[in-house]
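K.L.:
Here you go, sequence then predicted model.
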Amino acid sequence: MTDMNSRQFLQKLEELEASAGGSRQISRQDIEKTFAQMHLEEDLLLSIVTYLQSKGFQVVDLYEGQDGEEKEGESASAQQPAKDNYVYDPSGITLPAGCKAGENLLTYLDDLRSLPVLEEEEQQELARKAGSGDEQAVSALVTSNLWLVFFMARDIFPRHPDSNFFDMIQEGNIGLIRAAGSTGEFVSGTFTHFAMGYIREAIYDYLRQAEGEKNLPGQILDDICRYVQIRDELSEELDHEPDIYEIAGRMEVDSAWLEDFVYYFKDSIPSQVQDAQADAGADVQGEEQ
């Protein structure tokens, strides 16, 4: 097993997209085969899934190849990735094991069980209206799919048992709102499947910030740090925020490649900057005191 740099990583993504052909379907096995040279942590695998879904691909068989055996001291639910399909079941709106239930969360679950759930045909029509800027359609799509956020958060929670489950749900709801407002990009399949990428991205962005873990290959994380360092250096030197061409020039890399790199790792790059800003703010406060 070898590590790969960010350029190789993005090239592998392009190969993966090309392998789907006209079907626009990619399986977990396809992803693991393409990235056979590196060990895919579960969060990175799901980050790739989210990226592919954002580009209109359907990722199938995420459970394929899982033998279902439990590791010692770890439940099966904690090992499995998030599902690629969900079905509404009001009886399943229950807290995951190990989750502490506050009054606000219990009230939310009661409300969730009473919300309307629309048929696929109704959601398709609402998605078309939302894509045209109909705010009522956006609101209806969000309300009728809040259950989806809950089930996705409940599946992810066992792998992050120290996180705040209610916060995970709220962040997932923000992702759902983004999905409902982005239906102009919705071309095929169901809105539920379309929204899953946005929801998963929002939940994992929250978890990365809350836990301070990026789980990225070392060389890729180095490239992110280098990008942040050079961007910040140029910001101080110039009288404006540097654009992608100026940063690429200082980094001595192709601007088109850097643009793809920043797009893919956008969720990790801001968190690096925020950490630096937080440290700077702490230093300033320390000097003032």
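P.N.:
Perfect, thanks for sending it.

K.L.:
Helix, strand, or coil at the residue nearest the centre of the chain?
P.N.:
Among the residues of the chain, the one closest to the centroid is Glu201, at 1.8 Å (C-alpha atoms, centre = their mean). Following DSSP: H, G, I helix; E, B strand; the rest coil, we place Glu201 in the helix state.

K.L.:
Please list all residues in contact with the closest residue to it other than its chain neighbours.
P.N.:
Once flanking residues are discounted, Glu201 sits nearest to Thr50: 4.6 Å by C-beta to C-beta, 6 or more residues apart in numbering. No exception for glycine: its C-beta is placed from N, CA and C like everyone else's. If you count contacts by C-beta atoms under 8 Å, 6 or more residues apart in numbering, Thr50 has them with Gly197, Arg200, Glu201, Tyr204.

K.L.:
again with Arg154
P.N.:
Contact partners of Arg154, counting by C-beta under 8 Å, 6+ apart, are Leu95, Pro96, Phe165.

K.L.:
again with Ala202
P.N.:
Residues near Ala202 by C-beta under 8 Å, 6+ apart: Glu171, Gly172, Ile174, Gly175, Leu176, Arg178.

K.L.:
will you turn the residues you listed into a markdown table that also has pLDDT?
P.N.:
Converted to a markdown table, the contacts of Ala202 look like this (pLDDT from 0 to 100):
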| residue | pLDDT |
| --- | --- |
| Glu171 | 94 |
| Gly172 | 94 |
| Ile174 | 94 |
| Gly175 | 92 |
| Leu176 | 93 |
| Arg178 | 90 |
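
K.L.:
Val59 should be in a strand, yeah?
P.N.:
Yes: judged by three-state DSSP, Val59 forms part of a strand.

K.L.:
Which strand or helix spans the closest residue in space to it that isn't next to it in sequence?
P.N.:
Spatial nearest neighbour of Val59, excluding adjacent residues (C-beta to C-beta, 6+ apart): Val49 at 4.8 Å. Per DSSP states H and E: Val49 is located in helix 42-54.

K.L.:
shouldn't the residue nearest to Val59 be in contact with Arg200?
P.N.:
Yes: with contacts counted by C-beta atoms under 8 Å, Val49 reaches Arg200, the gap being 7.3 Å.

K.L.:
isn't Trp147 right next to Ser114, touching?
P.N.:
No: look at Trp147 against Ser114 with C-beta under 8 Å: they stay out of range, at 10.9 Å.

K.L.:
ok so, going back, check the contacts of Thr50 against Phe151 and report the nearest one.
P.N.:
Nearest to Phe151 out of those is Arg200 (C-beta to C-beta; 11.7 Å).

K.L.:
Strands of this protein, start to end?
P.N.:
Here the chain has its strands, by DSSP state E, at 25-27, 58-60.

K.L.:
Turn those into CSV, columns for mean neighbour count, distance to Glu233 and mean pLDDT.
P.N.:
Formatted as CSV, the strands of the chain follow (neighbours: other C-beta atoms under 10 Å; distance: least, C-beta to C-beta, whole Å; pLDDT from 0 to 100):
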stretch, mean neighbour count, distance to Glu233, mean pLDDT
strand 25-27, 17, 38, 88
strand 58-60, 19, 38, 80
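
K.L.:
Nearest to Met152 among the ones you listed would be which one?
P.N.:
Among the strands of the chain, strand 58-60 sits nearest to Met152 (C-beta to C-beta), with 14.0 Å.

K.L.:
Would you list the strands that that closest one pairs with, along with their directions?
P.N.:
Partners of strand 58-60 in the sheet, by DSSP bridges, are strand 25-27 (parallel).

K.L.:
Residues contacting the partner strand, please?
P.N.:
By C-beta under 8 Å, 6+ apart, the list of residues contacting strand 25-27 from outside reads Leu16, Glu17, Ser19, Ala20, Leu52, Phe57, Gln58, Val59, Val60, Asp61, Glu64.

K.L.:
and the closest residue to the third one other than its chain neighbours, what does it touch?
P.N.:
Read that as Ser19. Nearest residue to Ser19, sequence neighbours excluded (C-beta to C-beta, 6+ apart): Asp30, at 6.2 Å. Each residue near Asp30 by C-beta under 8 Å, 6+ apart is listed here: Leu16, Ser19, Ala20.

K.L.:
give me the beta-bridge partners of the nearest residue to the last one once chain neighbours are set aside?
P.N.:
Going back to what we said before, that points to Ala20. Using C-beta to C-beta, 6+ apart and skipping residues adjacent in sequence, the residue nearest Ala20 is Ile26, 5.1 Å away. When bridges are called by DSSP bridges, Ile26 pairs up with Val59.
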